[in-house]
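Asker: Sequence unavailable; structure follows:
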C-alpha cells in the first residue's frame, strides 16, 4: 500500500468507537491499524510478547491501544485513547472510548470532536441497552454519521438471518428517535478481519462497503462553511515594534462561516459595528478566512475588543442572554446540586455561573425524561438552568457545535465537572422542546 | 471540520489554537526546545501563532550535557533567528549540586535525570505551563495524554485522573505551585511532522539527514561513538565502524540510536518514514527499559 499520503489532497476524518465490554472495540482498532499497515514491527513484537506472557491464544491487538499499566493488567480501556492511521485517501484520528457504563463521560469526550461514531454490537447479543446509550450519546453530541458494526459474525456462522434480525431491532429503536441519524450497518469479524479492510468472502450476501472503504469515502459536511460566521477572539496581537507600530490583530480560529476583507462585522459584547480591514497570517494577507483555520484579523475602528469576545457578521447576530437552559453530562463523583457555583467556559470566554434549577434528567436507556431531580451524579445526563454573571453570546448547539458548547469548572478543585450543550436562552420558547434531544 | 482543508492545514490550525490558548490562559509559560524536529516544528508554529509579534514566552532547553553539537548549533541559530529568549536548565548543574545522581554502567543515561532539572527549572522560574512537542502516536502512554495536562505541585502526572477535554475548550485552571504541560502536536504523527517540514521548507539540523558517523552496534541499534558520551565496553571499542546513518529522533546522545540511511533530502526522508517498519521510538533506549517505561517516567514529571 502506498502510504505516501499526498498532503495537498488528503482530508481528515475524526471518529470515535463505542461498544460494551468485550464487543471487540480495541480488537477492531488494532485490526484497522494492522491491516492498513499502520502498526510498526516493534509495536507488534511488543504486543506479541505481552500476549504470550499473559497466556492469550491470539495476538491480543487490544494491547496496542491499552497503554496504561492498569489497563494492561485488567484488560480494560480506562481512558480515551487516541490513535492515528492513514491510507492513500485519508488521514484518520480515532478516539477509542471505553464501553463500561461508568465511563459515559469518556464517550461524551471522544464524541465531542468526532464526525463519525462506530457503535459495536456483538452479533450474539444484538442491540442491547449499551447500544441504545451509545446511539443516544452520539446523536446528543450531534455526530453526523453512525456506523453500526455488527461484530463477531464468525460466532453466528456469518448468518444473514441473524444480521437482519439485529438490523430490524435497531431500526425499531431508531424509529423511536425523533431526529434523523445517518446510519450505515456493516457485519464483520474484527478478530479475523472480515469486512474490516477487505471484503469478507464469508458474507457474500452483504453488498455494502467494508468498513475502511466506507471511512475513506464517507462525506462529512459539518456545514460550518455555510453557517453563520463566528470568530471567537483568543488573543490580541500587539507587536510593540516600530514596523508594526499600530498593528492590533485579533487572533482566533474561525468557528463557522467565512469572513472576507471588507465585511461589516459586529463585536460582542460591545455590540459595536466595524469592518474587516485585513486577514493576516505569517505567509501574508488573505482575502478570506475559512472555518477551522487560524488567523489574526484587523478592524477599521478602534473598538475595545479582548479575549473572550465574539466577532460575527453584522447581519448575523448571535443569541445572547445570561440565563440559558442546557443539556449537560455530569462528570464527577461529587454531585451537582441546585445553587452550585462554577466557572463556565464557553468558546474563549469564562464567566461565573450558578445553577438555580435542575430541570430534568434523561434516562439514556429509555430516553425518558425524569423531571425534578434533586441532584446529578456521575455520568448523569439532563437539562439544567444556568444563570451567568454576564451574558453569553451563543448559538444553540443544534446549529453550532463550537458556539453552542461549554464546560463547567469546579471553583474549588478546578476540575472540569460537566460538558454542556446550549438549548436556548431562558424565556425563548421558539425552539420546540421536542427538538432538544437533537436525535 | 470542513472537508475542503487538508489534514496538515487542520493540524496546523489546531496547534496554533493551542499555542494561543496557552499564552492567554497562563501567566508565565515556556516552550521546551531541544533542537529536535518536534520542538522545531512547534516553535515554527508559535511564530505563526503570534506573528507579527515575537513569541510571548521563552524557549527552555533542558541540557543533559550529552548533546550532539549540531543540535546546540541549531538551537542557538534558531533562537537568534526568531529573536526569542533562551533559558537553559543544566543537568550537569543538578548533578554538581547533588540534586541528581548520575547513573552508572555502560547503559548509563541522563535521560531520567532530566526530570529533576526540568522540575527545578520550572520552580525556579515559576513557569506555570511548559509547551512540549510530545505526540500521542509516539508511545502508548502518550496516547492517553491531554493537550492541557495537569501536574501537581510535585510535577506528577496522574493518568487515571485527567481532566476530560471536550470540543476545543481547554481548562488550564490550577492552584498555586501546580503547573501544566501543554502538547500542541498531540494529534500529529511522525509522518505529519515530516510532511509539514517538507511543505514549509523548515530547516533542520543535519543529524536528520544521512551522514558519515562512527557508531557501534548495541542491542540492534547504532549508537554514536563520535561525541564520546556513550560509555563503551572494551570489546565495543574495537567494533567502532564508520557508517552512513541518520537520526529519526534527536535526544540525549547516550540514548538516541541512529538508523542506516541514505536519505539525504527531505523527500528521501519522507519516503523512508513512509516505508519504515519500526516506530521512531524503536531507536530510543530510554523506552526499552520496561513495558511501561514512558508511563512511569511521565508520572514522575518527565516531558
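Answerer: Noted; the coordinates are in hand. This structure is a prediction, so every number in the text was calculated from the model and none was measured.
Asker: in the stretch 301-439 of chain A, which ranges drop under the pLDDT threshold?
Answerer: The model of the stretch 301-439 of chain A has pLDDT under 70 over residues A:428-439.
Asker: Recalculate using a threshold of 80.
Answerer: In the predicted model of the stretch 301-439 of chain A, residues A:364-365, A:427-439 satisfy pLDDT under 80.
Asker: now swap in the stretch 201-303 of chain B and tell me
Answerer: Across the stretch 201-303 of chain B, the ranges flagged by pLDDT under 80 are B:219-221, B:228, B:251-255, B:274-303.
Asker: Then the stretch 101-250 of chain A?
Answerer: For the stretch 101-250 of chain A (pLDDT under 80), the answer is A:101-103, A:175-181, A:221-226.
Asker: residue ranges of the helices in it, please?
Answerer: For the stretch 101-250 of chain A, the helices defined by DSSP state H, counting those that start in this stretch cover A:104-112, A:129-140, A:160-175, A:211-217.
Asker: ok and the longest one relative to helix A:129-140, angle-wise?
Answerer: Right, helix A:160-175. Orientation check (axes from the mean of the first three to the mean of the last three Cα atoms, to 10 degrees): helix A:160-175 against helix A:129-140 gives 50 degrees.
Asker: and helix A:160-175, what other elements does it pack with?
Answerer: With contacts taken as 3 or more Cβ pairs under 8 Å, 6 or more residues apart in numbering or on different chains; DSSP states H and E, helix A:160-175 sits against helix A:129-140, strand A:145-151, strand A:182-187. Where C-beta positions appear, they are placed from N, C-alpha and C, glycine not excepted.
Asker: ok and that helix relative to strand A:182-187, angle-wise?
Answerer: Using the same axes, to 10 degrees: helix A:160-175 against strand A:182-187 is 160 degrees.
Asker: Let me know the angle separating helix A:160-175 from strand A:145-151.
Answerer: Counting by the same axes, to 10 degrees, helix A:160-175 lies at 150 degrees to strand A:145-151.
Asker: Give me the contacts around helix A:160-175.
Answerer: With contact meaning Cβ atoms under 8 Å, 6 or more residues apart in numbering or on different chains, helix A:160-175 is reached by A:121, A:123, A:126-127, A:131-132, A:135, A:148, A:150, A:153, A:156, A:181, A:183, A:185, A:187, A:203, A:205-206.
Asker: So which bits of the stretch 51-200 of chain B are right by chain A?
Answerer: Residues of the stretch 51-200 of chain B that fall close to chain A, judged by Cβ under 8 Å from any Cβ of the partner chain: B:51-54, B:136-137, B:139-144, B:159-160, B:162-169, B:171, B:173-175, B:186-187, B:189, B:191-192, B:195-196, B:199.
Asker: Neighbours of residue B:32, how many?
Answerer: By other Cβ atoms under 10 Å in any protein chain shown, 23 other residues sit near residue B:32.
Asker: and it, what does it touch?
Answerer: Contacts of residue B:32 were listed using Cβ under 8 Å, 6+ apart, and they are B:39, B:59-62, B:130-133, B:303.
Asker: wait, is residue B:8 part of a helix?
Answerer: Yes - looking at residue B:8 with DSSP: H, G, I helix; E, B strand; the rest coil, it is inside a helix.
Asker: Tell me how far it lies from residue A:352.
Answerer: 39 Å (Cβ to Cβ, to the nearest Å).
Asker: which one of these two has more residues nearby?
Answerer: residue B:8 (21 against 13).
Asker: Run through the residues that contact that one.
Answerer: A:7, B:192, B:195-196, B:199.
Asker: ditto for residue A:262
Answerer: Listed by Cβ under 8 Å, 6+ apart, the contact partners of residue A:262 are A:275-276.
Asker: Over to the one 4 residues further on?
Answerer: Under the criterion of Cβ under 8 Å, 6+ apart, the neighbours of residue A:266 are A:272-274, A:311-314, A:317.
Asker: which one among those residues gets closest to residue A:235?
Answerer: residue A:311 (13.2 Å; Cβ to Cβ).
Asker: Could you single out the nearest of the contacts of residue B:32 to residue A:49?
Answerer: Of all the contacts of residue B:32, residue A:49 sits closest to residue B:303, with 26.0 Å by Cβ to Cβ.
Asker: Filter the contacts of helix A:160-175 down to just the buried residues.
Answerer: Buried members of the contacts of helix A:160-175, counted by 16 or more other Cβ atoms under 10 Å in any protein chain shown: A:121, A:123, A:126-127, A:131-132, A:135, A:148, A:150, A:153, A:156, A:181, A:183, A:185, A:187, A:203, A:206.
Asker: what about residue 128, how many residues close to it?
Answerer: In the absence of a named chain, chain A is used. Counted with other Cβ under 10 Å, the neighbours of residue A:128 add up to 16.
Asker: look at chain B instead
Answerer: As a burial measure, residue B:128 scores 21 neighbours (other Cβ under 10 Å).
Asker: Surely it touches residue B:25?
Answerer: No - in this structure residue B:128 lies outside contact range of residue B:25 using Cβ atoms under 8 Å: 9.2 Å.
Asker: got a list of what residue A:272 touches?
Answerer: Counting by Cβ under 8 Å, 6+ apart, residue A:272 has contacts A:266, A:301, A:303.
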